[in-house]
Each structure stands twice: as C-alpha cells, then as structure tokens.
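Asks: Whatever this is, show me its structure:
(chains A and B)
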Amino acid sequence: DAGVTQSPTHLIKTRGQQVTLRCSPKSGHDTVSWYQQALGQGPQFIFQYYEEEERQRGNFPDRFSGHQFPNYSSELNVNALLLGDSALYLCASSLGWRSYGYTFGSGTRLTVV
Amino acid sequence: GQQLNQSPQSMFIQEGEDVSMNCTSSSIFNTWLWYKQDPGEGPVLLIALYKAGELTSNGRLTAQFGITRKDSFLNISASIPSDVGIYFCAGQKGSGAGSYQLTFGKGTKLSVIP
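Replies: Modelled structure (predicted):
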C-alpha cells in the first residue's frame, strides 16, 4: 500500500522563477494538505484541497497556489520565487478534510538561489 | 504564522534514560498530536489526544492533553538509539476558522548517547 508520494525530491530554482511540486495521496485518501518547513522550524500550513477545491488556507501570499485533480493528486505552484521560499515542502493526505489522521510524504527540498 | 511553544529545543540523554518534553499554546486546541521526524523524511504520527485531561500510551511513549486544552506533554521511557530524531507537537482546533489545519511547534531534537 503506497504512502504519500512527492516529486521531485530535490529542486534548485533561481529567484523569480516559478515551480510546480506534485503529490499523490495515500491510497484511499481524498484530501491533500501542503506544508512548508523551513530549516529548524516546524511545518507551516499552506492550504488544503478536498473535492478539487481549496478548503482552508494558511497565511501565505497568492504566489502560492494549488490544484487537485479528479484522482485526488495535487500540485503546489509557487510564482516569483524568493530566497525565503527555500524550504522542505511537505504534502499530507487524509480521508476527509476534517480529519486529524494525516499521512505525510517525505517532502520536496526546494532551494532558491 | 503561529507556532506552538515547544521545549526543550534539544536534549542529549544516555540510553536507558527517560525523556520529557512539552508544548504550550496561547490558544485552545481540541486535538493534540505528537509526531516524530527522521532526517529526510516527513513527520510520522506517534500519539493523538482528543480530550482534555486524557493520558494515552503507545509502547514506551506516554502523552497527556492538558486540562486547559492549551498544553500537552510527551514522555519517552527507557530511551533507545532509534528514538533519535525531532519530535513535534501539533494542535488542531476543530472548530472555527482554520479548524482542521495543524499548527506545529518548532520541535525538540533528541540525541541518545549509547
């Protein structure tokens, strides 16, 4: 039973560029949440997708956007990258958007230079 | 964004010793969760607490949900080398705006000396 799969595992981008990160949820899960984890910090909630709609959003600018597809997989897009966007981006899936039972992926390490 | 106050930031202990770490918040949370994160991996859920005052165990791990719903602690008994990692507390409000997102602490980095 596959867990949460994220791609790519590592990525280096230049300031001002755009990036797309991808997530496939755990089998049986229908909700995807994205978190940003800066070095030495705990994860910070970006947003959550359920039924292809953004259900909740954290305190992140509009440069951060997302999408959920009919197969429940999701993308996180970040435009106009800043150096401060360098972080580990974690995807978490759950069954239902009111769940606490999140399964996290191993993350995508984004470095902005 | 908000983060929970987690302490200590790091600790070095001898194998076999017990460990205690805690987490506090200025806000009420209706669910408290404890996660462990190994290098290069995502957080893995250790214990979930749903009720104020609840004490829950998972093997050598014991966690409690504070009566005020603003704090929680995690104890690890008889530590072993594989306990090394970063432990995070997380709260979920369960009602109101931002109800079901997780708010995390900054983590406690545990090192076990054999």
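Asks: residues in chain B within reach of chain A, list them.
Replies: B:1, B:3-4, B:6, B:31, B:33, B:40-45, B:48, B:88, B:90, B:92, B:94, B:98-107 (C-beta under 8 Å from any C-beta of the partner chain). Quick note: C-beta positions are derived from backbone N, CA and C, even for glycine.
Asks: Would you map the strands across the chain?
Replies: Unless you meant another one, I'm taking chain A. Under the criterion DSSP state E, strands of chain A are mapped to A:5-7, A:10-13, A:19-24, A:31-37, A:44-50, A:53-57, A:64-68, A:74-78, A:87-94, A:103-104, A:108-112.
Asks: meant chain B actually
Replies: B:5-7, B:10-14, B:19-24, B:31-37, B:44-49, B:55-58, B:61-65, B:71-76, B:85-92, B:103-104, B:108-113.
Asks: Could you list every helix and strand in contact with the fourth one?
Replies: The contact analysis (3 or more C-beta pairs under 8 Å, 6 or more residues apart in numbering or on different chains; DSSP states H and E) places strand B:31-37 against strand B:44-49, strand B:61-65, strand B:71-76, strand B:85-92.
Asks: let's go with 10 Å and repeat that
Replies: Applying 3 or more C-beta pairs under 10 Å, 6 or more residues apart in numbering or on different chains; DSSP states H and E, one finds that strand B:31-37 contacts strand B:19-24, strand B:44-49, strand B:55-58, strand B:61-65, strand B:71-76, strand B:85-92.
Asks: Partner strands of it and their direction?
Replies: Its sheet considered, strand B:31-37 pairs with strand B:44-49 (antiparallel), strand B:85-92 (antiparallel) by DSSP bridges.
Asks: winner for burial among these?
Replies: strand B:85-92 (a mean of 25; mean count of other C-beta atoms under 10 Å in any protein chain shown).
Asks: quick one: average confidence on it?
Replies: Averaged over strand B:85-92, pLDDT sits at 96.
Asks: ok, back up a step: compare the strands of chain B and give me the one nearest A:W34.
Replies: A:W34 sits nearest to strand B:103-104 of all the strands of chain B, at 13.6 Å, using C-beta to C-beta.
Asks: sorry, back to before: from the residues of chain B next to chain A, which would you call buried?
Replies: The neighbour count (16 or more other C-beta atoms under 10 Å in any protein chain shown) marks B:3-4, B:6, B:31, B:33, B:42-43, B:45, B:48, B:88, B:90, B:92, B:98, B:100-107 as buried among the residues of chain B next to chain A.
Asks: Pretty sure B:F65 sits against B:F73.
Replies: Yes - with contact taken as C-beta atoms under 10 Å, B:F65 and B:F73 are classed as touching, separated by 9.3 Å.
Asks: Could you tell me which residues make contact with the residue nearest to A:Y89 when sequence neighbours are not counted?
Replies: Distance criterion C-beta to C-beta, 6 or more residues apart in numbering or on different chains; nearest residue to A:Y89, sequence neighbours excluded, is A:T108 at 4.8 Å. By C-beta atoms under 10 Å, 6 or more residues apart in numbering or on different chains, the residues touching A:T108 are A:6-11, A:19, A:21-23, A:76, A:87-91.
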